[in-house]
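> give me the fold of what follows.
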Amino acid sequence: MTFTLPRAHVALALGLLIAVLGLPTAAHATDVPPPEVAWPSVTRFNPTLTTYTFTVDDTAASDSGDLYAVWGLERSLIPHQGEFTMTFAEDGWNRIEVERCVAEVCTPTGVTSDLLNVRRSAVVSAHTVEGLSRELTVTAGYSIDLEGSLESGRWWVTTAGGGPEVVSGPLTTNQFQVALPEGTPDGEYLIWAEGIVNTADYGTLVAAPFSTQFTIDRTAATAAVSIPTIFNPAVDGYRDVLRYTVTPNEHMGSVEAQVFGPTGAEWTWPAAMVAGAGETVAFDWDGRSAFNGSLAPEGTYTVRISLLDAAGNTSTINRFVTLDHARLQTRTFRRTVSAAGSTVDKHVGRCSVLRRPSLRGWAGSLGYYSNKRCRAGSAASQVTTVNGLLVPKAFQGKYKTLSISTYGGAARGYPRSGLGFGILRASDDSLVGLRRLGPALGAHSGGSFAASGLVHGKSTTPAVFWAAGTGGGQRYDVKNFTVTLTYTVLA
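Predicted coordinates for the structure are as follows:
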């Protein structure tokens, strides 16, 4: 494997080797006096017209190394004694530095020329005053990058991607009008310039074509607007504030929004924001007057969005929203249903009877009589019903509490009998609040529970279901069930 050490490392290694071998050493560049150089007085010139020749007087020993004149990336070997003319391969603004090189190690001598400005050409640049314009006629001007006057020149316009000239003209005044043809599409354009420049220092120079960019934009911006169709300014946690967003398709000087009432009256001050292309900005309105704080009446309101793009094009977007004073409220639904009339399913063991009406004779009642036909201690003794009731639809399915009470008691002659009771979950029909209702005749509470998971079919046909039954020889009469449900409405 090969590699190259930096010059400083090479010099150090060479010095150590010479010291070890006891060889004689050449004098370092830093050990010898610098050369004397007589520089020309000219500092601004065109090397094709002006010769730049300097004189070198180097009194150092012959083994003190070679001298180089360095101009940017250009390095020229110069004599120890005599004249040398620089060719200046590249134009620039720089100094000539003299270096002394010994065994490929070069060290600045500290000798430099004055700051030189070497030029063989000039730059004439045309530019529009309006870098972004919504007019086909734009004001333009030109500038020269050095002191001088324009002998002749021309300007022309092309599309940013190149192509034929769209329009052109002579450079006769420092400011001129560029009139693009009718039908010129929006987009990026280049304005070019070239010419011949007369200067005192550099002579007559040719300015090669040089361009700057400008934009024509005569199309008003558009924007995507996201806004609800209705909002409710009552402070209840639901749609209390109208929030709408605007996403413009280009950079905006401003996005302004204002709300007007059904009669055209202003309800907000104009609110303005700056937005970039594709950037979403949001506006809020709490449904109150920005002028006196009063709550706006119900009705249809206009949200007016005014767009001003960077070129000065304007456009307006109107959106409409209904203000509704409805608010979230809690309602209570209570319904008493007969035991028989609310039954949706049943299981009666072979030894048991589900009697309608019960032996107490209540209309619509049920008698849950276990082991009425025979004696059994298994499923044959069980008698069970599943009961249900349609309930009101809640706003966004927001049900709060559910309780179901049972009116009934132990059948005559069976004073210790009870009734099993539970509410069916909506997710899997398992029982919640499973309990035994006592034998006393009267209303028996089935407990109160969070209703969210107990209402079946919330978004379609909401209903609640519960189960009641007995077994093992117990007998129980049920007259009715009372369902109490609290839920949320928007009204």
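> let me know the outermost residue of this structure.
G413 (76.9 Å; C-alpha atoms, centre = their mean).
> that's a strand at it, yeah?
No: counting by DSSP: H, G, I helix; E, B strand; the rest coil, G413 is not found in a strand; it is coil.
> ok, it - contacts?
R475 (C-beta atoms under 8 Å, 6 or more residues apart in numbering). For glycine as for every other residue, the C-beta is placed from the backbone atoms N, C-alpha and C.
> do you know how far it is from L205?
From G413 over to L205 the distance is 128 Å, taken as C-beta to C-beta, to the nearest Å.
> quick one, domains of this structure?
Split into domains by automatic domain parsing, the chain comes to 7-118, 121-216, 223-326, 331-490.
> so where's the chain shaky on pLDDT?
1-30 (pLDDT under 70).
> can you rerun that using 80?
1-31, 62 (pLDDT under 80).
> show me where it has helices.
7-21 (DSSP state H).
> longest strand in it, please.
strand 475-490 (DSSP state E).
> just the strands in the stretch 351-491 of the chain please.
353-355, 366-369, 383-390, 399-410, 419-424, 431-437, 442-450, 463-470, 475-490 (DSSP state E, counting those that start in this stretch).
> quick revisit: pick the most deeply packed of the domains of the chain.
Ranked by mean neighbour count, the domains of the chain are led by domain 331-490 with a mean of 18 (mean count of other C-beta atoms under 10 Å).
> now that one: how far from the chain's centre is it?
55 Å (C-alpha atoms, centre = their mean, to the nearest Å).
> how long is that domain end to end?
10 Å (C-alpha to C-alpha, to the nearest Å).
> ok, stretch 424-439 next?
Per C-alpha to C-alpha, stretch 424-439 runs 23 Å from first to last residue.
> could you do stretch 171-179 as well?
14 Å.
> cool, and stretch 436-451?
Termini of stretch 436-451 sit 21 Å apart (C-alpha to C-alpha).
> residues touching it, excluding its own?
For stretch 436-451, using C-beta under 8 Å, 6+ apart, the contacting residues are 399-410, 414-423, 432-433, 435, 464, 466, 476, 482, 485-487.
> list the contacts for the residue positioned nearest the centre of the chain?
The centre of the chain sits closest to E279, judged by C-alpha atoms, centre = their mean, with a distance of 6.5 Å. With contact taken as C-beta under 8 Å, 6+ apart, E279 is in contact with 247-248.
> please apply the same query to V455.
391, 394, 397, 399, 402, 426, 462-464, 485.
> now those as CSV including distance to R327?
Listed next are these as CSV, based on distance: C-beta to C-beta, whole Å:
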residue, distance to R327
V391, 22
A394, 15
G397, 18
Y399, 18
L402, 23
A426, 27
P462, 22
A463, 27
V464, 26
L485, 20
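> ok, these vs T172, which is closest?
G397 (78.3 Å; C-beta to C-beta).
> what residues are up against the spatially closest residue to the closest one that is not a sequence neighbour?
Closest residue to G397 apart from its sequence neighbours, by C-beta to C-beta, 6 or more residues apart in numbering: K458 at 3.9 Å. K458 sits next to 393-394, 397, 399, 426 when contact means C-beta under 8 Å, 6+ apart.
> cool, S289 as well?
By C-beta under 8 Å, 6+ apart, the neighbours of S289 are 267, 296.
> find the nearest non-adjacent residue to R134, please.
A311 (4.2 Å).
> could you measure from that neighbour over to D240?
Taking C-beta to C-beta, one finds A311 at 39 Å from D240.
> ok, now A450?
Counting by C-beta to C-beta, the gap from A450 to D240 is 25 Å.
> do the same with F45
Counting by C-beta to C-beta - F45 and D240 are separated by 77 Å.
> what does G453 give?
Distance from G453 to D240, by C-beta to C-beta: 28 Å.
> same deal with L116?
74 Å.
> could you find the closest non-adjacent residue to V303?
Counting by C-beta to C-beta, 6+ apart, the residue nearest V303 is R319, at 4.7 Å.
> my guess is S143 contacts L150. True?
No: taking contacts as C-beta atoms under 8 Å, S143 lies outside contact range of L150: 10.1 Å.
> who touches both of the two?
Contacts common to S143 and L150, judged by C-beta under 8 Å, 6+ apart, are V124.
> quick one: closest of the strands of the stretch 351-491 of the chain to R288.
It's strand 475-490; of the strands of the stretch 351-491 of the chain, that one is closest to R288 (C-beta to C-beta) at 20.0 Å.
> state the distance spanning the first to the last residue of stretch 279-294.
Per C-alpha to C-alpha, stretch 279-294 runs 33 Å from first to last residue.
> what do you get for stretch 360-373?
From its first residue to its last, stretch 360-373 covers 19 Å (C-alpha to C-alpha).
> likewise stretch 216-234?
Using C-alpha to C-alpha, one end of stretch 216-234 lies 48 Å from the other.
> list the contacts for the residue lying closest to A379 once chain neighbours are set aside?
Leaving aside its chain neighbours, A379 sits nearest to G349 (5.5 Å; criterion: C-beta to C-beta, 6+ apart). The contact partners of G349, taken as C-beta under 8 Å, 6+ apart, are 370, 376, 378-383, 471.
> residues in contact with T85?
51-53.
> which of these sits closest to R134?
Using C-beta to C-beta, the contacts of T85 come closest to R134 at Y52, 51.6 Å.
> gap between the nearest residue to the closest one once chain neighbours are set aside and P35?
Sequence neighbours aside, M86 is the residue nearest to Y52 in space, at 5.0 Å (criterion: C-beta to C-beta, 6+ apart). Using C-beta to C-beta, one gets 15 Å for the distance from M86 to P35.
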